[in-house]
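build me a model from this:
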Amino acid sequence: MADRSANPTTPPSSTTPRSRRATALALALLACIAFGNARDGEFLYDDFPYVADNLQAQQPTAHRILLEPLAGRPELGLYRPLPLLTYALQSRGRGKEAPTWPFHAFNVACHAGVALLVWRLGLALALGDGVAALGAALFAVHPCHLEAVNWIVGRAELLAALFGLGFLVLALRDPTIRRARDVVGAALLLALAALSKESAFALPFVLIVLELALGRSVRIGALVRRHWPWAVVLAALLALRIAALSDFDASGPRGRVIRFGPAISLAPFADLPWPKRLLVAGQLLGEYFRRTLLPLPPRIFFHQREFEELAPWSVAGAIVWLAGLALAWRRPPLQAALLAFPVSLLTVLNLRPIQETFAERFLYLPSAFALLAVAAPLAALVARERARRGRVGLSLLAPAGVAAALLVATWSWNPIFDGALPLWRHNVACAPDLPFPHYQFAYFLHDHAIYLRRDAETPGAVDEYETALKLNDEIVRRGYDGMPPDQRIRAHLSLGEILLERLPEGRRDPRRAREQIEKAIEVGEATAELDLDLGRALFLYSRFSRLAVGVSDAQAGRALDRALKLKLPDELRKRINDDLDQLRARRVP
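Residues are numbered from 1 along each chain as shown. Okay, the predicted model is just below:
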């Protein structure tokens, strides 16, 4: 490991137990203060399918938690038993009626714990006490963590970072003094991180990069001796993950499906050739680094076109990262932190396409490395003043000012996540020309039975669904992928359902409803992995045989027969069979 004393800007080490306790307490308090007004937010967005409405969390069993994909949707490639277990323990079967403040308190406590581990990681990398503490303080208050901490389902990021950083701190100990219990502890922490979120599978590669940058042996034999336990752990967890996500029944509706990640058909960059995908990955990396450097307001949705075309701000972020790496070339600890940043993002840079284009919550653990690097020049100002004058004064203004600005930004933006209405209003305002925020706003309005516009501030679900589909068509005409198939089918399906059944009697429009349901069926039949939505669309289509809109009983019967060939829940299958029985009864003279 690099000699800490070789760095002239590193301040004298504060190693007394009292100073360590004071630093730990200050960091924990900073994290809690920054998110102190994030305790009352309601269930939002993915909190419903993954927590409040998820049978795995509300009626948990060992099989549901350990051997089933999250929310029963294997096409998403999400296997996260540890966060799921915590949801179950806190929900206690109360569903949407469960109070949300304990969930938020747990998340904030996890964030405080992660901030402490960022500090310990900085010390393990020999960055110096000042850099480690300042980097952890910046991490504790940074607004790029709003999504991970405020959203209940952001807990997957928090737990993966908590256990993942613990793994790195233990595994970075000098191999000559590392004990067997350190290896066992690190392996256990790695397993817990990987059971929290799939991005933790990149952690052993992060560890190797850190070790190599710090000058440890690069011989194959030495690498194998140091890292074989992690390979064993990840191999076992990969087998468990495949077992949970795959369908081994060859007689099923889709045949045998062996899966370890999300379905490529749902990924925005699935059709890009490798050279262009590398360009996308570079711009994604630049945007992630830019959002670590700057206190930007939270934004939930990004479109693939923003990264397929040249994105100047994202490119600028990548250039700054490369410049920092060049400047750190003679400082191995700083170089190690900067190199670890892209490696920790490997699973979300869409080199292997995933369902998300870009998400700020993915930045949670990687930002630890970037913020430790950002802290180095700020701490150097303080160290130089101490070396020159024997004390510190004005040089403290720079790090204190940066931390204060980040704290104020985080505190100011936390209320965006207090409820669905402020969240979706904010995101529609951030990206009004994208269909995805309008779709999610419509979904919220639909769920709250706000079908038609109430006032200038509150549009109706019909307006927002139609706006989302119109903007989607415009994006597709310009040659880009629009909304993912699962959102498109639900937008058409929901709009059709509202027009057919939810509006007041005088406002219903069966013909327009039929057009939307037919479009939903078209999307469902063109895309694998959408059995449930396609089944609902076919079932709803059969209802038009009772109305004078051009659907015969024979057409309705064929739609129901097609639906029964899909993989559907028992309740929907029963309703389809009941409707088939009624159709057959009507045909009997």
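
where does residue 10 land on pLDDT?
Note on residue 10: pLDDT of 37.

where along the stretch 151-300 of the chain do the helices fall?
With DSSP state H, counting those that start in this stretch, the ranges of helices along the stretch 151-300 of the chain come out as 155-171, 180-194, 203-213, 220-245, 274-293.

what's the answer for the stretch 451-589 of the chain, then?
In the stretch 451-589 of the chain, the segments counted as helices under DSSP H, counting those that start in this stretch are 461-477, 485-497, 510-526, 531-542, 553-564, 570-587.

if I look at residue 67, how far off is residue 245?
Distance from residue 67 to residue 245, counting by CB to CB, to the nearest Å: 10 Å. Yep, even glycine has a C-beta here, placed from its N, CA and C like the rest.

so for the two, which sits in the more crowded spot?
When neighbours are counted by other CB atoms under 10 Å, residue 67 and residue 245 differ, and residue 245 comes out ahead with 24 against 14.

tell me who's in contact with the more buried one.
Applying CB atoms under 8 Å, 6 or more residues apart in numbering to residue 245 gives the contacts 69, 74, 77, 79, 259-261.

how near is residue 198 to residue 79?
Distance, residue 198 to residue 79, by CB to CB: 7 Å.

what about the closest residue in space to residue 264 that isn't next to it in sequence, neighbour count?
Excluding its sequence neighbours, the residue lying closest to residue 264 (CB to CB, 6 or more residues apart in numbering) is residue 270, at 4.8 Å. Look at residue 270: counted by other CB under 10 Å, it has 16 neighbours.

next up, phi/psi of residue 270, please.
The phi/psi pair for residue 270 (degrees, to the nearest 10) reads phi -60, psi -30.

would you check that it makes contact with residue 354?
No: with contacts counted by CB atoms under 8 Å, residue 270 stays clear of residue 354, the gap being 9.6 Å.

least trustworthy helix or strand in the chain by mean pLDDT?
helix 570-587 (a mean of 82; mean pLDDT, DSSP states H and E).

chain center to that one, what's the gap?
Relative to the chain's own centre, helix 570-587 is displaced by 40 Å; criterion: CA atoms, centre = their mean, to the nearest Å.

pull out the buried residues from that helix.
572-573, 575-576, 579-580, 583 (16 or more other CB atoms under 10 Å).

which strands and helices lie in contact with it?
helix 531-542, helix 553-564 (3 or more CB pairs under 8 Å, 6 or more residues apart in numbering; DSSP states H and E).

and the contacts of stretch 547-565?
With contact meaning CB under 8 Å, 6+ apart, stretch 547-565 is reached by 253, 510-511, 514, 521, 534-535, 538-539, 541-545, 573, 576-577, 579-580, 583-584, 586-587.

ditto for stretch 118-127
For stretch 118-127, the external contacting residues (CB under 8 Å, 6+ apart) are 1-4, 7, 10, 23-24, 27, 128-129, 131-133, 135-136, 139, 165, 168-169, 172-173, 210, 214, 333-334, 336-337, 368, 371-372, 375-376.

which residue ranges make up the domains of the chain?
Domain assignment for the chain by automatic domain parsing gives 17-416, 420-541.

any chance of CSV for these, columns distance to residue 565 and mean pLDDT?
Shown next, in CSV, are these (distance: least, CB to CB, whole Å; pLDDT from 0 to 100):
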stretch, distance to residue 565, mean pLDDT
domain 17-416, 6, 90
domain 420-541, 9, 88
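
same list, those domains, but as TSV with distance to residue 567 please.
As requested, the domains of the chain are exported to TSV (distance: least, CB to CB, whole Å):
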stretch	distance to residue 567
domain 17-416	5
domain 420-541	5
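
which among the ones you listed is found nearest to residue 568?
Each of those was scored for nearness to residue 568 using CB to CB, and the closest is domain 420-541 (4.5 Å).

what is the end-to-end distance of the closest one?
Across domain 420-541, the terminal residues are separated by 31 Å (CA to CA, to the nearest Å).

give me the distance from it to the chain's centre.
Put simply, domain 420-541 sits 23 Å off its chain's centre (CA atoms, centre = their mean).

same check, this time on stretch 358-378
The chain centroid and the centroid of stretch 358-378 are separated by 16 Å under CA atoms, centre = their mean.

alpha carbons only: can I get it in CSV?
Taking C-alpha atoms only, stretch 358-378 is exported to CSV below (Å, rounded to 0.1, in the frame of the first residue of the first chain):
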residue,chain,number,x,y,z
PHE,A,358,-29.9,6.4,-16.6
ALA,A,359,-30.9,6.6,-13.0
GLU,A,360,-29.5,8.8,-10.2
ARG,A,361,-29.9,6.1,-7.6
PHE,A,362,-27.3,4.0,-9.5
LEU,A,363,-24.8,6.6,-8.4
TYR,A,364,-25.2,5.9,-4.7
LEU,A,365,-22.2,3.6,-4.1
PRO,A,366,-20.0,4.8,-7.0
SER,A,367,-20.3,8.4,-5.8
ALA,A,368,-18.3,7.4,-2.7
PHE,A,369,-15.1,7.0,-4.8
ALA,A,370,-15.7,10.2,-6.8
LEU,A,371,-16.4,12.3,-3.7
LEU,A,372,-13.3,11.0,-1.9
ALA,A,373,-11.4,12.3,-5.0
VAL,A,374,-13.2,15.6,-5.0
ALA,A,375,-12.3,16.0,-1.3
ALA,A,376,-8.6,15.7,-1.9
PRO,A,377,-8.0,19.2,-3.4
LEU,A,378,-10.3,20.8,-0.8
